[in-house]
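Chemist: fold the following, please.
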Amino acid sequence: MPHLHIEYSPGLAQRVDVREVCRAAHGVMTASALFPLAGIRIRAFAADHCIVADDHPDNDFLAMTLSVGSGRFQSDLQAAGEQLFSAVQQMLAGPLSTPHFALSLEIREIDAALSWKDTPIHARLSKQ
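Modeler: Numbers count the residues shown, from 1 in each chain. Purely as a prediction, here's the structure:
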């Protein structure tokens, strides 16, 4: 269950191709043996309303939350997080070169006893 949620300020979409950011994240996640392909989900949403820091009109943000099932070593998650963060940093080099941008990533582990799934995608991809 590697699900990446990306939330960003609406103005960012005028400066960055958010779909390409998603593709860069997907490339990192699919290259990692840590994340099963069938479980990868990447979703990006602009915040309808937001105030960033001092509410300067040029301020933008992109916040990522990666939710994963429990059972992985913290060191493996940390390495994967560093690779993911680095790939997205590269995609956002322009905004990051300004004093009006914030980028973040948090990894959360989901307790298997508190997570329900019904995913025929896994069966389909396991036949390939």
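Chemist: buried stuff in stretch 52-68?
Modeler: 52, 59-62, 64, 66-68 (16 or more other C-beta atoms under 10 Å). The way it works is simple: take the backbone N, C-alpha and C, and place the C-beta from them, glycine included.
Chemist: how long is that stretch from one end to the other?
Modeler: With C-alpha to C-alpha, to the nearest Å as the measure, stretch 52-68 spans 27 Å from end to end.
Chemist: again, but for stretch 69-76
Modeler: 13 Å.
Chemist: can you list contacts of the lowest-mean-pLDDT helix or strand in the chain?
Modeler: Sorting the helices and strands of the chain by mean pLDDT, DSSP states H and E puts helix 120-126 at the bottom, at a mean of 83. Residues outside helix 120-126 that contact it (C-beta atoms under 8 Å, 6 or more residues apart in numbering) are 36-39.
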